[in-house]
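Peer 1: would you be able to build a 3D model of this:
(one chain, ligands or ions: 1)
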Amino acid sequence: MTKTLLHEIAAQVGTPCYIYDQDKITANYQRLAAAFAGCGIYYAVKANSNLSVLKLLCELGAGFDVVSIGEMRRAMLAGASAERIVFAGVGKRDDELNEALDAGIGWLNVESAQELRVLSDIAQAKGLHPNVALRINPAVDPHTHQYLATGKGSSKFGINVEPALDLVAQRANYPGVNIAGVHAHIGSLLFEPATYAQTMQVLLDFVAECRSFGADLSHVDVGGGFGVAYQPDEPQLAVEDIANAMLPLACADGVNVQIEPGRYLVAEAGQLLTRVLYTKTNGDKHYAVVDAAMNDLIRPSLYGAAHQVHKLMVDGQWAMVNELSTQHSYEVVGPICESGDFLAHAVVLPDLQRGDLLAIQHAGAYGFVMSSNYNTRPRAAEVMLHGQGWRIIRPRETFESLVAGEL
Ligand code: LLP
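Peer 2: Below is the predicted model:
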């Protein structure tokens, strides 16, 4: 990413501002597609649902994993055909199921016996027969943050293996659907290829069990979760290692494999640009109060996530901390009236001044999409870099747009 462009964008668009790098997203997609050649890649829209991001991924060949009818509409607005969309989610409403079926959705990942009943009835009434994958809860520990673990046996997600097998065995009771696949997503921010191999094995055992009583499932969907390193000393994940750990298992069983990566494709391609408003020292802490806050990027407050923070120099270079620079350990905090409003704890940065620009790294996934209007703060602008150029892909919200529905 050309850093001088960041000054230009800050001057013209203002801060806080999310900036995504189209070339980086493209490179991430191509690497993943090469590692998972022959598999269906369904981008998890929840990670970053800006239409320009979706359009780019659509053009690159991705399908889409959506968890609401709003996300489905976004994917279709970006050019995706309904057959390339998987509708997942633990609580789909009837109107959402209706709309997805009317659109001709490719797959529905069903998460409970009741949902299967409702979906089958709605589809049958329409004379449709959609593809369904049952989301099982494979009871695999993903070794991640507790809020990001979804596949432990007693979590709210999916159906335990035994009752899911019963549903397949009783498939004649659900004539409105074609139960053709099995799905699992055990969590997010995962780094261990062995965990994926374990999950794949549970899915394949499920397929084998179904085949033993005559139900031929053709698809396994192993979900997303591929981790990215937020700090230089964190382990790097090679997606090739994950592919190598699980694809040979599936190959032997002759099933089609689907994956649903979100973070991997977009996290590293995004930065949140923010400006220092004030600096001060309270007790033994040096504070940099910046114009971005927890409403813009909630990951540090919600998960204790540690994003790297870089200071941008006037010449466009990152200001490096070295033995010559005056430096401090900073608390980078926002203007919101909560002690939980911080963007980074104890980051060592060269001396900060009012007006300095900071770039919070790896903010392309679960950044803007999780932002809110808390404290009546308009949500940030979003910008896409392409080569040496850039364009605004979502303008900053205005006060007027915030209150429009209340007047
Ligand atoms: N498939 C399903 C069914 C999911 O629930 C998710 C993410 C994904 C795929 C994509 O996972 P990914 O590849 O992005 O790890 N807000 C949290 C992450 C929550 C993930 C929720 N589900 C964060 O900021 O870390």
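Peer 1: ok now do residue 125, which residues does it touch?
Peer 2: residue 176 (CB atoms under 8 Å, 6 or more residues apart in numbering). (C-beta placed from N, C-alpha, C; glycine too.)
Peer 1: part of a helix, is it?
Peer 2: Yes - judged by DSSP: H, G, I helix; E, B strand; the rest coil, residue 125 forms part of a helix.
Peer 1: number of residues surrounding residue 170?
Peer 2: Residue 170 is flanked by 12 other residues according to other CB atoms under 10 Å.
Peer 1: the ligand contacts on the chain?
Peer 2: 44, 46-47, 65, 88, 148, 185, 188-189, 223-226, 260-264, 299, 303, 366 (CB under 6 Å from any ligand atom).
Peer 1: just the ones of the residues you listed in helices?
Peer 2: Those of the residues of the chain next to the ligand mapping onto helices are 263, 264, 299, 303, per DSSP state H.
Peer 1: may I ask which two of those residues are separated the most?
Peer 2: Pairwise distances across those (CB to CB) peak at 17.1 Å, for the pair 264 and 303.
Peer 1: who's more crowded, the two?
Peer 2: Legend: neighbour count by other CB under 10 Å for residue 264 and residue 303, higher for residue 264 (24 against 16).
Peer 1: ok, now which ones touch the residue nearest the centre of the chain?
Peer 2: Among the residues of the chain, residue 47 comes closest to the average C-alpha position under CA atoms, centre = their mean, at 2.5 Å. Counting by CB under 8 Å, 6+ apart, residue 47 makes contact with 262, 263, 265, 266, 267, 364, 365, 366, 369.
Peer 1: for residue 272, see how far away it is.
Peer 2: 15 Å (CB to CB, to the nearest Å).
Peer 1: try residue 263
Peer 2: 15 Å.
Peer 1: okay but residue 307 is in contact with residue 298, surely?
Peer 2: No - Residue 307 is not in contact with residue 298 according to CB atoms under 8 Å; the separation is 11.5 Å.
Peer 1: residue 263 and residue 272: who's more crowded?
Peer 2: Each of residue 263 and residue 272 has its neighbours counted (other CB under 10 Å); residue 272 has more, 27 against 24.
Peer 1: what residues are up against the more buried one?
Peer 2: 16, 17, 18, 19, 292, 296, 297, 359, 360, 363, 367, 380.
Peer 1: can you tell me which residues contact the last one?
Peer 2: Residue 380 makes contact with 15, 16, 17, 18, 272, 292, 296, 368, 371, 396 under the criterion CB under 8 Å, 6+ apart.
Peer 1: can we see that at 6 Å?
Peer 2: With contact taken as CB atoms under 6 Å, 6 or more residues apart in numbering, residue 380 is in contact with 16, 17, 18, 296.
Peer 1: please apply the same query to the fourth one.
Peer 2: By CB under 6 Å, 6+ apart, the contact set of residue 19 is 271, 273, 383.
Peer 1: and these as CSV, adding distance to residue 328?
Peer 2: Shown next, in CSV, are the contacts of residue 19 (distance: CB to CB, whole Å):
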residue, distance to residue 328
271, 22
273, 21
383, 29
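Peer 1: in strands only, show me the residues you listed.
Peer 2: Of those, the ones assigned to strands by DSSP state E are 271, 273, 383.
Peer 1: what's the closest of those residues to the ligand?
Peer 2: Of all the ones in strands among the contacts of residue 19, the ligand sits closest to residue 271, with 15.5 Å by CB to the nearest ligand atom.
Peer 1: what's the longest helix in this structure?
Peer 2: Identified as the longest helix of the chain according to DSSP H is helix 193-212.
Peer 1: could you list the buried residues of it?
Peer 2: 193, 195-200, 202-204, 206-207, 209-210 (16 or more other CB atoms under 10 Å).
Peer 1: need the CA coordinates for stretch 25-45. PDB is fine.
Peer 2: Coordinates of each C-alpha in stretch 25-45 appear next as PDB, following Å, rounded to 0.1, in the frame of the first residue of the first chain:
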ATOM      1  CA  ILE A  25      -7.700  -8.900  -1.500                       C
ATOM      2  CA  THR A  26      -7.100 -10.200  -5.000                       C
ATOM      3  CA  ALA A  27      -3.800 -11.800  -4.000                       C
ATOM      4  CA  ASN A  28      -5.300 -13.400  -1.000                       C
ATOM      5  CA  TYR A  29      -8.200 -14.800  -3.100                       C
ATOM      6  CA  GLN A  30      -5.800 -16.200  -5.700                       C
ATOM      7  CA  ARG A  31      -3.600 -17.900  -3.100                       C
ATOM      8  CA  LEU A  32      -6.600 -19.500  -1.400                       C
ATOM      9  CA  ALA A  33      -8.100 -20.600  -4.800                       C
ATOM     10  CA  ALA A  34      -4.900 -22.200  -5.800                       C
ATOM     11  CA  ALA A  35      -4.600 -24.000  -2.400                       C
ATOM     12  CA  PHE A  36      -8.200 -25.200  -2.600                       C
ATOM     13  CA  ALA A  37      -8.400 -25.800  -6.400                       C
ATOM     14  CA  GLY A  38     -11.500 -27.700  -7.200                       C
ATOM     15  CA  CYS A  39     -13.400 -26.600  -4.000                       C
ATOM     16  CA  GLY A  40     -16.200 -24.200  -3.800                       C
ATOM     17  CA  ILE A  41     -15.100 -20.900  -2.100                       C
ATOM     18  CA  TYR A  42     -17.900 -19.000  -0.500                       C
ATOM     19  CA  TYR A  43     -16.700 -15.700   1.000                       C
ATOM     20  CA  ALA A  44     -18.300 -15.000   4.400                       C
ATOM     21  CA  VAL A  45     -20.000 -11.700   3.700                       C
END
